[in-house]
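Enquirer: What follows is a protein structure lacking sequence information:
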């Protein structure tokens, strides 16, 4: 089956520090990969995505590269801000045997990021 | 923000009682989903719908049923609530059922079963 594994959290950083959140996956077929972010008291929102190997997704200073050879999609940001404090989820979606995925997502367990001034 | 409304936002119920959560969308998206969020598990898919009256089970469907009689509404029912169903429930929508399409999430319903 499909699965996503994220690094254990929580992660606590000082403002302007470098951030890496590791994500690895197992999947049947060729998945699309996503990072979603959840701010306190809110639902999830898409941060970035990559749909094929070697694609780089980027948004708001965050980046992640789809690495097929290592089955990874690590999230990075060069300089975090207090406003980046949130829970980050790595996720994937894979088509079924009929070629339709219905957009179903498989999530990692989430990583809580806290950034201090 | 995508037009997704979940109701209620918070609910406390007793073990053994039926509970229905509602998801309403104004985006006319074809696909709708119910996920539950639990510490250490991320989000897990309960049920999903790919059209009116077309639904299927997800990873953790036991104890849950769904219905979709209109494009805009997707109901999740716990026939007889148990303490293990205490969780935060999220509805999501998507306009295309391909793997590379963004899903939009509601704000969640916090359900406590006592």
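Expert: That came through fine. Keep in mind the model is a prediction, meaning the values are calculated, not measured.
Enquirer: If you tally nearby residues, what's the number for residue 45?
Expert: I went with chain A, as the question did not name one. Neighbours of residue A:45 under the rule other CB atoms under 10 Å in any protein chain shown: 16. Where C-beta positions appear, they are placed from N, C-alpha and C, glycine not excepted.
Enquirer: let's do chain B instead
Expert: Residue B:45, neighbours per other CB under 10 Å, totals 21.
Enquirer: Next up, identify which helix or strand it is on.
Expert: strand B:42-51 (DSSP states H and E).
Enquirer: same thing with residue B:89?
Expert: In this structure, residue B:89 sits in strand B:87-94 according to DSSP H and E.
Enquirer: ok, then the element right after that strand?
Expert: Using DSSP H and E, the helix or strand that directly follows strand B:87-94 along the chain is strand B:104-105.
Enquirer: Now for residue B:6: which residues touch it?
Expert: B:21-24, B:89-91, B:106-109 (CB atoms under 8 Å, 6 or more residues apart in numbering or on different chains).
Enquirer: Spell out which residues of chain A are next to chain B.
Expert: In this structure, chain A approaches chain B at residues A:4, A:6, A:31-32, A:34, A:36, A:41-46, A:49, A:51, A:89, A:91, A:93-95, A:100-110, judged by CB under 8 Å from any CB of the partner chain.
Enquirer: Now list the buried members of the residues you listed.
Expert: By neighbour count, with 16 or more other CB atoms under 10 Å in any protein chain shown, the residues of chain A next to chain B hold A:4, A:6, A:31-32, A:34, A:36, A:43-46, A:49, A:51, A:89, A:91, A:93-95, A:101-110 as buried.
Enquirer: In strands only, show me those.
Expert: Counted as lying in strands by DSSP state E, out of those, are A:4, A:6, A:32, A:34, A:36, A:44-46, A:49, A:89, A:91, A:93, A:106-107.
Enquirer: Nearest spatial neighbour of residue 78, chain-adjacent residues omitted?
Expert: In the absence of a named chain, chain A is used. The shortest distance from residue A:78 to any non-neighbouring residue, by CB to CB, 6 or more residues apart in numbering or on different chains, is to residue A:18 (5.9 Å).
Enquirer: my bad, the chain I had in mind was chain B
Expert: residue B:19 (4.5 Å).
Enquirer: now swap in residue A:58 and tell me
Expert: Going by CB to CB, 6+ apart, residue A:58 has residue A:48 as its nearest residue, at 5.9 Å.
Enquirer: Does the one you found have any beta-bridge partners, and if so which?
Expert: Listed beta-bridge partners, residue A:48: residue A:35 (assigned using DSSP bridges).
Enquirer: and the residue most central in space within chain B, what element?
Expert: Closest to where the C-alpha atoms of chain B average out (CA atoms, centre = their mean) is residue B:34, at 2.6 Å. Assigned by DSSP H and E, residue B:34 falls within strand B:31-38.
Enquirer: in the chain, what spans have low per-residue confidence?
Expert: Since you didn't name a chain, this refers to chain A. A:95-101 (pLDDT under 70).
Enquirer: Correction: the question concerned chain B.
Expert: The model of chain B has pLDDT under 70 over residues B:1-2, B:97-100.
Enquirer: What parts of it come near chain A?
Expert: Contact residues, chain B versus chain A (CB under 8 Å from any CB): B:4, B:31, B:33, B:35, B:40-45, B:48, B:50, B:56, B:58, B:90, B:92, B:94, B:96-108.
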